[in-house]
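Peer 1: the following comprises the amino acid sequence and a computationally predicted model.
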Amino acid sequence: MSSFSLAIFLIAFGVGFLLHNLGIIGFTPWVLIWPGVLIWFSISQLVRISRERKGSQDSWEIAWWLVVATLGVYLLLPKLGIRVPSIPWGLVWPLVLILLGVAFLIPDRRGKQKSVKIFIGPEGTGHRVEFRRAILGEFTRGPGSWVLEDLSLHQAIGDVNLDLTNAIIPEREVLIDISGYIGEASIYLPPGLPFKAECSVGLGEVSVLDLSESGSGRQITHQSPDYDQAVKKVNITAHWKIGEISIRQIR
């Protein structure tokens, strides 16, 4: 949350308590907190999609956050004294679970995008950068032989598994950028490969080699002693809202 958003949130919360204490409204802001969080977070994600995609939005992701926003509004209106039609929750939750399960089974058809761009370095050499985005599912590379290229991956919900032990690594700095909301990211590195890592979780656990942190707002940074002089090296950035990040070097 940015400082501006935090300031607006605190002001609105304070005004709500003031109106309640003055007897102007009959409810406290606490009853609005969870519906408000759903609405605020879904709107912020829709704004983010609009900015990042620049008109080429993923319709599946947009539909998902619109559903979340609608749910927040539905939960908010009764707390404001506005009557809404009842929903048979006994049918809704099983249907949601079924839809999520189907989405996991067909990740390539819904919510996933892949693009590859070629970047030219200062020495005139070009290299591939793979961009991937997915709402649900699992992304796996390895443990067999595969060619490592720069990778930018956003996995909203799911697992990421990268096994570099048998990967073909180019003689340059390779960038790996991983982010997601809920899930787990596991990266396995071959012995002796210099690497730099900046990993953080909003809530969960992060571990890099022998370093481990768990709880909320945890972060670990690491850089191999010979990283700057190395020809082959990997620069890893990983952030998970809720989940676990693990980087291990096979010995």
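Peer 2: Cool, got the structure.
Peer 1: which SSE is residue 133 in?
Peer 2: Taking DSSP states H and E as the criterion, residue 133 maps to strand 126-141.
Peer 1: what is the rounded mean pLDDT of that strand?
Peer 2: Along strand 126-141, the predicted confidence averages to a pLDDT of 76.
Peer 1: list the pairing partners of that strand within its sheet, with orientation.
Peer 2: Strands adjacent to strand 126-141 in the sheet, as given by DSSP bridges, are strand 112-120 (antiparallel), strand 150-163 (parallel).
Peer 1: pLDDT weak spots in the stretch 1-150 of the chain?
Peer 2: Of all residues in the stretch 1-150 of the chain, those with pLDDT under 70 make up the ranges 1-9, 13, 20, 25-32, 49, 51-61, 87-89, 91-93, 95-96, 99-127.
Peer 1: let me see the ranges of the helices in it.
Peer 2: Across the stretch 1-150 of the chain, reading from the start of the chain, the helices by DSSP state H, counting those that start in this stretch fall at 3-21, 33-53, 59-79, 89-105.
Peer 1: mind listing what's buried in stretch 156-167?
Peer 2: Of the residues in stretch 156-167, those buried under the neighbour-count criterion (16 or more other CB atoms under 10 Å) are 156, 157, 158, 159, 160, 161, 162, 163, 164, 165, 167. Heads up, the C-betas are built off the backbone N, CA and C, glycines and all.
Peer 1: again, but for stretch 142-151
Peer 2: By neighbour count with 16+ other CB under 10 Å, stretch 142-151 contains the buried residues 142, 148, 149, 150, 151.
Peer 1: can you tell me the centre-most residue of this protein?
Peer 2: In the chain, the C-alpha nearest the mean C-alpha coordinate belongs to residue 180, at 1.7 Å (CA atoms, centre = their mean).
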